[in-house]
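Novice: have a look at this fold, sequence not included:
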């Protein structure tokens with residue numbers, strides 16, 4: 001490894017499906033393209049193969065305090081061995097290990113605040129606060145910046161808003177769809193995302209019951225109990241397929257893409273990925289979706305946790321005569337991967353210039 005150039009270590013629980021994971025891969029690729037050295041530490045996953053830098057497997061998803069300290073000791077060794085300049089933490093448990101390790105090695109430490117972590121009591125607030133303890137904090141949306149400032153003690157000047165970026169080469173209107181074996185004469189409405197309650201797949205399935213279209217839920221199972229609830233009410237026109245690293249080829253089948261989250265998305269990357277492919281979006285009117293979906297231009301916003309509102313929104317988009325492809329691709333260009341990566345590397349340079 002060429003240690004004349006800066007070395008950035010990103011750390012997160014795993015590298016499977018999700019916006020945090022895809023963002024980590026994008027930044028890893030950008031670091032390498034810039035001639036720097038990139039290391040990603042995680043417990044592994046399907047996206048490891050997309051990394052251009054070095055991956056080091058470590059069970060950093062654990063919340064066990066003894067294991068967090070054990071991981072911190074291992075990170076100290078990694079930092080020293082690879083002459084790491086910056087450790088960039090993207091999740092709470094790994095951030096605690098990273099914080100300890102960087103203090104011991106006098107290494108720069110920064111974070112990206114990806115979500116509205118629950119604040120139920122003083123302990124949870126303290127546990128979450130590790131994500132605002134870095135020299136610099138990246139907020140993935142204006143919504144998240146507002147959340148940070150309202151709930152944590154931090155100088156606003158430490159926060160940089162860098163909205164998530166879409167790979168406009170990977171997600172574009174010309175991608176050929178992968179065959180899903182669906183009727184050719186039906187429009188397709190798709191909800192991608194990990195199958196967990198707050199992602200709203202059950203609401204989506206119920207909304208699709210009276211719509212003359214095919215619904216497709218795409219995602220890894222996050223909750224077996226919730227999955228059973230969905231299967232119990234699944235209408236005949238809705239299918240479920242596993243999460244995939246070829247998401248763009250799956251999305252290419254869609255006429256409309258849905259994000260039915262019942263809690264605020266920090267940003268909602270899938271909304272922009274869909275728009276980059278010329279697909280209109282039906283999203284719940286909370287969180288980051290308010291920054292990415294333009295009403296009647298790139299889709300529509302509906303009340304969260306409301307089956308009837310979701311049904312109306314989907315039918316509205318499917319029947320509209322709007323030039324969705326033109327509107328959506330133009331909007332998605334404002335959220336490109338290139339812009340996100342350039343801004344992130346600028347934060348890295350700012351951190352390196354500090355003492």
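Specialist: Cool, got the structure. Treat the numbers as computed from the prediction; the structure is a model and nothing was measured. Numbering: from 1, shown residues only.

Novice: from the middle of its chain, how far away would whichever helix or strand residue 318 is part of be?
Specialist: Assigned by DSSP states H and E, residue 318 belongs to helix 307-319. With Cα atoms, centre = their mean, to the nearest Å as the basis, helix 307-319 stands 25 Å off its chain's centre.

Novice: now it: mean pLDDT?
Specialist: For helix 307-319, mean pLDDT rounds to 98.

Novice: got the contact list for that helix?
Specialist: The list of residues contacting helix 307-319 from outside it, by Cβ atoms under 8 Å, 6 or more residues apart in numbering, reads 187, 189, 203-204, 206-208, 210-211, 213, 255-256, 258, 260, 280, 282, 299-303, 324. Every C-beta, even on glycine, is put in place using the N, C-alpha and C of the backbone.

Novice: give me the distance from the helix or strand that that helix is followed by to the chain's centre.
Specialist: Later in the chain than helix 307-319, the nearest helix or strand by DSSP H and E is helix 324-332. Distance of helix 324-332 from the chain centroid (Cα atoms, centre = their mean) equals 21 Å.

Novice: mind listing what's buried in helix 324-332?
Specialist: Neighbour-count burial for helix 324-332 flags 324, 327, 328, 329, 331, 332 (criterion: 16 or more other Cβ atoms under 10 Å).

Novice: and if you look at stretch 82-95?
Specialist: Across stretch 82-95, burial judged by 16+ other Cβ under 10 Å covers 82, 84-95.

Novice: do the same with stretch 60-80
Specialist: Using 16+ other Cβ under 10 Å as the test for burial, stretch 60-80 gives 60, 62, 68, 71, 72, 74, 75, 76, 78, 79.

Novice: rewinding a little: and the contacts of helix 307-319, which are buried?
Specialist: Taking 16+ other Cβ under 10 Å as the criterion, what is buried in these is 187, 189, 203-204, 206-208, 211, 213, 255-256, 258, 260, 280, 282, 299-302, 324.

Novice: quick one, phi/psi of the residue sitting furthest away from the middle of the chain?
Specialist: Distance from the C-alpha centroid of the chain, by Cα atoms, centre = their mean, peaks at residue 185 (32.6 Å). With angles defined as degrees, to the nearest 10, residue 185 sits at phi -90, psi 10.

Novice: re earlier: narrow the buried residues of stretch 60-80 to those in helices?
Specialist: Judged by DSSP state H, the subset of the buried residues of stretch 60-80 located in helices is 68, 71, 72, 74, 75, 76, 78, 79.

Novice: nearest to residue 286 among those?
Specialist: Of all these, residue 286 sits closest to residue 68, with 31.9 Å by Cβ to Cβ.

Novice: residues in contact with that closest one?
Specialist: Counting by Cβ under 8 Å, 6+ apart, residue 68 touches 62, 93, 96, 97, 100.

Novice: those in strands, which ones?
Specialist: Using DSSP state E, the subset of the contacts of residue 68 located in strands is empty.
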